[in-house]
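K.L.:
kindly return the folded structure for what I paste below:
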Amino acid sequence: MPETELHRGHRKERVGEVVSDRMDKTIVVRVERRFRHPRFKKVVTAYSKFYAHDEKNEAKVGDRVRIQETRPLSKTKCWRLVEVVERNEEVAKVA
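P.N.:
Residues are numbered from 1 along each chain as shown. Predicted structure coming up:
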């Protein structure tokens with residue numbers, strides 16, 4: 001591990017799906033969270049959207065990516081892309 005990562009401490013990591021890559025150096029990642037409802041005991045799926053910094057514009061829509069918490073980079077962006085876990089094999093539709 002590089003020395004800079006040893007001194008950073010613990011940072012949150014999430015794995016999710018890229019839902020938008022239209023902005024330059026920014027991706028929108030949807031993270032799924034499953035939990036049991038406290039009252040009704042049903043398993044509920046909740047989704048959160050995170051804006052993440054993608055320096056090399058390498059992630060595309062549909063990819064599964066790992067993002068890590070970082071310092072605020074803009075008003076909405078405080079996550080950064082760590083790696084592309086799985087590429088989307090489907091051909092992207094032209095909108």
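
K.L.:
count residues in the vicinity of residue 27, would you?
P.N.:
By other C-beta atoms under 10 Å, 27 other residues sit near residue 27. Just so you know, the C-beta spots here come from the backbone N, C-alpha and C atoms, and that holds for glycine as well.

K.L.:
any idea what it is bridged to?
P.N.:
With DSSP bridges applied, residue 27 shows beta-bridge pairing to residue 52.

K.L.:
show me what contacts it?
P.N.:
Residues in contact with residue 27 (C-beta atoms under 8 Å, 6 or more residues apart in numbering) are 18, 20, 21, 51, 52, 54, 59, 65, 81.

K.L.:
count of neighbours near the residue lying closest to the last one once chain neighbours are set aside?
P.N.:
Leaving aside its chain neighbours, residue 81 sits nearest to residue 54 (4.6 Å; criterion: C-beta to C-beta, 6 or more residues apart in numbering). Counted by other C-beta under 10 Å, the residues lying close to residue 54 total 21.

K.L.:
from residue 14, how far off is residue 54?
P.N.:
14 Å (C-beta to C-beta, to the nearest Å).

K.L.:
quick one, grab the pLDDT at residue 94.
P.N.:
If you check residue 94, the pLDDT there is 62.

K.L.:
list the contacts of residue 67.
P.N.:
By C-beta under 8 Å, 6+ apart, the residues touching residue 67 are 13, 14, 15, 16, 29, 50, 52, 79, 80, 81, 82.

K.L.:
now, which of those lie within strands?
P.N.:
Among those, DSSP state E puts 13, 14, 15, 16, 29, 50, 52, 79, 80, 81, 82 in strands.

K.L.:
give me the PyMOL select line for the residues you listed, limited to the buried ones.
P.N.:
With 16 or more other C-beta atoms under 10 Å as the burial test, the buried ones among these are selected in PyMOL as follows:
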select buried, resi 14+16+29+50+52+79+80+81+82
